[in-house]
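Asker: have a look at this prediction, sequence included:
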Protein chains: 2
Amino acid sequence: MPARIDPGQRRRHVVGAAFRLVVAEGIDGLSLRKVAAEAGLNVGSVRHYFDGHEDLLAAAAEEAGDRMGRRLARHPVDGLRGLTGAAALDALQALVEEVLPVDTERREEAIVVLELILAARTRPVFRPISARMAADLGRVVADALAALGVRDPEGAAAQVTALIGGLTIDTVTPHGSLGVDRLRATLRAHLSMLLAHHGDR
Amino acid sequence: MPARIDPGQRRRHVVGAAFRLVVAEGIDGLSLRKVAAEAGLNVGSVRHYFDGHEDLLAAAAEEAGDRMGRRLARHPVDGLRGLTGAAALDALQALVEEVLPVDTERREEAIVVLELILAARTRPVFRPISARMAADLGRVVADALAALGVRDPEGAAAQVTALIGGLTIDTVTPHGSLGVDRLRATLRAHLSMLLAHHGDR
DNA sequence: GCCTATTTATCACACCCGTGATAAAGTCCG
DNA sequence: CGGACTTTATCACGGGTGTGATAAATAGGC
């Protein structure tokens, strides 16, 4: 009972196609036929690896969450402990920028995650993963702020995560719009204020 | 050439139905048939007042923008000039809360506006109104901050508008989630920090 | 070389959608 | 009353969608 190709690789290929399609047309622009076309495959082939429409969406959502999780994991909290001044600010900014649309790769992830979170409002299927991602991000930010000696890390993290969401919207949608440089500057101004104001424990 | 009912009222009635539907099912859950059912009307009747699908969406979007514009217009900038300390903070918070989902009415508006802005990313039809709303809000916030003597009002406004977007997401979607009290507290903490840090011109 | 299981490729079905065209009902003016 | 116009109510068409079932092709293991 063979397999001439690696099923995992195939799945990742299809998920990648779904990614590109969500970025291009939004989460509702997705369809099995479009995904199949984008992946250069047949509808039946796609359906062989994913039981149906919902499964495919869920897999794409999982993938987005995993990518961001991996990004955040590259910044261990212990590396921040004891930092002060500009070094603390730089480290914190670098951490937060991992989930912001500062380049093409992160921009695509941000778009997919944003569409996912918004879709979770009306489609309960996405609720658990959406909640998990938000909780993970909040935890990472709060831990980082705590490691930097910020007072009330939970409250400050609430501000930062809200800012992340808003900056993502402003950058990702064409309603202004925020360039990457202004995005970075706005984030930096906020983090700087946060460290200066609540910096002393 | 009569009309036994007021066309404007009918239009508003239909737009209201579209509003409720967007809130309940998202902007893609909308359809002429559903709107007609929600409004207690017939598909043909709806299509008599709105040329088609896009017209209806655009009208709903306009309505959302107008409502928020009217809200913001209730807080003239001159009322803020010269305020300091807690009074300045209270006034600024009241202004910003007009566009945040702190009650059912504003929550519905926030949802519709959010869905609209996100949809504008892939559907150019919504771009102009989306851009206009974002610009209006940015202007109002920047003017208010300037009137309160905040240094670099544009930069500070960028932070506040980003925070507004993020807080809206966090409150409106079930991915946490932020209650109204925590929403208010997070906003207040940020505004307070902003006034304290950049308060002196 | 054959057999078995995986993978691919196509059907057809039912559903919902937007839209155009058209008929029916209702309401005011003269 | 009669005619003109607005409003309402249906119809059918073409297109796209998810899904189930099924046939064809492919690639090892024996």
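Answerer: Right, received. Where do you want to start? Numbering: from 1, shown residues only, chains lettered A, B, ... in the order given.
Asker: if I look at the closest residue in space to A:Leu56 that isn't next to it in sequence, how far off is chain B?
Answerer: Using C-beta to C-beta, 6 or more residues apart in numbering or on different chains and skipping the chain neighbours, the partner closest in space to A:Leu56 is A:Phe50 (4.3 Å). From N, CA and C alone the C-beta is placed, and that goes for glycine too. A:Phe50 sits 21 Å away from chain B, taking C-beta to the nearest C-beta, to the nearest Å as the criterion.
Asker: who's in contact with A:Phe50?
Answerer: A:11, A:14, A:56, A:59 (C-beta atoms under 8 Å, 6 or more residues apart in numbering or on different chains).
Asker: so the second one makes contact with A:Val43?
Answerer: No: shown here, A:Val14 and A:Val43 do not form a contact pair, counting by C-beta atoms under 8 Å, at 11.3 Å.
Asker: and these two? which has more neighbours close in?
Answerer: Counted by other C-beta atoms under 10 Å in any protein chain shown, A:Val14 and A:Val43 do not tie: A:Val14 has more neighbours, with 23 against 14.
Asker: give me the phi and psi for that one.
Answerer: phi -60, psi -40 (degrees, to the nearest 10).
Asker: distance of it from A:Ala60?
Answerer: 9 Å (C-beta to C-beta, to the nearest Å).
Asker: can you list the domains in chain A?
Answerer: Per the record's domain assignment (automatic domain parsing), chain A is made up of the domains A:1-50, A:62-198.
Asker: tell me where the model's unsure across chain A.
Answerer: Applying pLDDT under 70 to chain A flags residues A:1-5, A:7, A:176-177, A:198-201.
Asker: grab the nearest non-local neighbour of whichever residue of it sits closest to DNA strand D.
Answerer: When scored by C-beta to the nearest atom of the strand, chain A has A:Gly52 as its residue closest to DNA strand D, at 2.8 Å. Excluding the flanking residues, the one nearest A:Gly52 by C-beta to C-beta, 6+ apart is A:Leu32, at 8.0 Å.
Asker: that neighbour and A:His53 touch, don't they?
Answerer: Yes: counting by C-beta under 8 Å, A:Leu32 touches A:His53, with 6.2 Å between them.
Asker: next, count neighbours for the residue in chain A positioned nearest to DNA strand C.
Answerer: Residue of chain A nearest DNA strand C, by C-beta to the nearest atom of the strand: A:Gly44 (2.3 Å). A count of nearby residues for A:Gly44, using other C-beta under 10 Å, gives 9.
Asker: which stretches of chain A form strands?
Answerer: Assigned by DSSP state E, chain A shows no strands.
Asker: quick one: the helices in it?
Answerer: In chain A, the helices defined using DSSP state H lie at A:7-25, A:32-39, A:43-49, A:53-73, A:85-97, A:104-120, A:127-147, A:153-172, A:180-198.
Asker: could I get those in a markdown table, plus columns for distance to B:Ala189?
Answerer: Below are these laid out as a markdown table (distance: least, C-beta to C-beta, whole Å):
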| stretch | distance to B:Ala189 |
| --- | --- |
| helix A:7-25 | 34 |
| helix A:32-39 | 43 |
| helix A:43-49 | 47 |
| helix A:53-73 | 24 |
| helix A:85-97 | 17 |
| helix A:104-120 | 23 |
| helix A:127-147 | 13 |
| helix A:153-172 | 6 |
| helix A:180-198 | 9 |
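Asker: so which of the ones you listed is the most packed in?
Answerer: Most buried of the helices of chain A, by mean neighbour count (mean count of other C-beta atoms under 10 Å in any protein chain shown): helix A:153-172, with a mean of 24.
Asker: picking that back up, now the domains of chain A in JSON lines, with distance to B:Ala39?
Answerer: JSON lines is the format used below for those (distance: least, C-beta to C-beta, whole Å):
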{"stretch": "domain A:1-50", "distance to B:Ala39": "23"}
{"stretch": "domain A:62-198", "distance to B:Ala39": "20"}
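Asker: surely A:Ala156 and A:His197 touch.
Answerer: No: using C-beta under 8 Å, A:Ala156 is not in contact with A:His197, being 9.2 Å away.
Asker: picking up where we left off before, how about the helices of chain A, which one is nearest B:Leu95?
Answerer: Closest approach to B:Leu95 among the helices of chain A (C-beta to C-beta): helix A:153-172, 16.9 Å.
Asker: what does A:Pro174 show for phi and psi?
Answerer: According to degrees, to the nearest 10, A:Pro174 has phi -90, psi 50.
Asker: what's near enough to touch it?
Answerer: B:120-121, B:127, B:130-131.
Asker: now do 7 Å
Answerer: Taking C-beta atoms under 7 Å, 6 or more residues apart in numbering or on different chains, we find A:Pro174 in contact with B:120-121, B:127.
Asker: near DNA strand D, which of these show up?
Answerer: Among the contacts of A:Pro174, not one lies near DNA strand D by C-beta under 7 Å from any atom of the strand.
Asker: export those residues to a markdown table and tack on distance to chain A?
Answerer: Listed next are the contacts of A:Pro174 as a markdown table, based on distance: C-beta to the nearest C-beta, whole Å:
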| residue | distance to chain A |
| --- | --- |
| B:Ala120 | 6 |
| B:Arg121 | 5 |
| B:Arg127 | 6 |
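Asker: I'd like to know which of these is nearest to A:Leu83.
Answerer: Using C-beta to C-beta, the contacts of A:Pro174 come closest to A:Leu83 at B:Arg121, 36.5 Å.
Asker: identify the residue nearest that closest one in space, chain neighbours excluded?
Answerer: Nearest to B:Arg121 is A:Thr173, by C-beta to C-beta, 6+ apart, at 4.6 Å.
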